[in-house]
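In: next input, structure requested:
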Amino acid sequence: MQTPNLPAIRALRPAWNKGRIVGQKRPLKPKHVWAIRVRLELAENHRDLALFNMAIDSKLRGWDLVKMKVVDVMASGQIKERACVLQSKTQKPVRFVISEGTRASVAKWMEDKLMVGSEYLWPGRFHERLHISTRQYARIVRDWVTSIGLEASAYGTH
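Out: Below is the predicted model:
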């Protein structure tokens, strides 16, 4: 008995994760952290420097980081030494120390004209957006990592 040759079944489009590294990303090494900090300081990019420093100090997920409010880190006109943020995934509070460099960079960011009247620490550019999106944060992280010559898909800040 002869079996007929059936046509091969192919997907209409490739899988979304084909060729991508999925799962947990490697943390940045201290030398990478300092390289990114130096580049952001030289570029005088106050928002990104404050965002990067806060991401490193807090070790929060991107979603929790972009939702941080000014009252979480500031009290009576000064940046707090310690902060507490409720994680959205676990619903548990995360307490962290805000380092001296991070306090200085956040204070510099708070002086910016974009921060006037903002409830969120990282406000969006448009009125209907209260804070930057997690997608925007991912693009910013990708730019930081590629600026020091690393593979963007391999590293993260959480």
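In: which strands or helices does the helix or strand residue 63 falls within pack on?
Out: Using DSSP states H and E, residue 63 falls within helix 62-66. Applying 3 or more C-beta pairs under 8 Å, 6 or more residues apart in numbering; DSSP states H and E, we find helix 62-66 packed against helix 46-58, helix 134-147. From N, CA and C alone the C-beta is placed, and that goes for glycine too.
In: could I have that helix exported to CSV, CA atoms only?
Out: Taking C-alpha atoms only, helix 62-66 is exported to CSV below (Å, rounded to 0.1, in the frame of the first residue of the first chain):
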residue,chain,number,x,y,z
GLY,A,62,9.2,48.3,35.6
TRP,A,63,5.4,48.5,36.1
ASP,A,64,5.9,49.5,39.8
LEU,A,65,8.7,51.9,39.0
VAL,A,66,6.8,53.9,36.4
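In: tell me the mean pLDDT over that helix?
Out: Regarding helix 62-66, the rounded mean pLDDT is 91.
In: residues in contact with stretch 62-73?
Out: Contacting residues not belonging to stretch 62-73 are listed as 51, 54-55, 58, 60, 79-80, 83-85, 87-89, 94, 98, 106, 110, 115, 118-122, 131-134, 136-138, 141, 157-158 [C-beta atoms under 8 Å, 6 or more residues apart in numbering].
In: swap in stretch 97-115?
Out: Here stretch 97-115 has contacts from 37, 46-47, 49-50, 53-54, 56-57, 70, 73-74, 79-83, 121, 123, using C-beta under 8 Å, 6+ apart.
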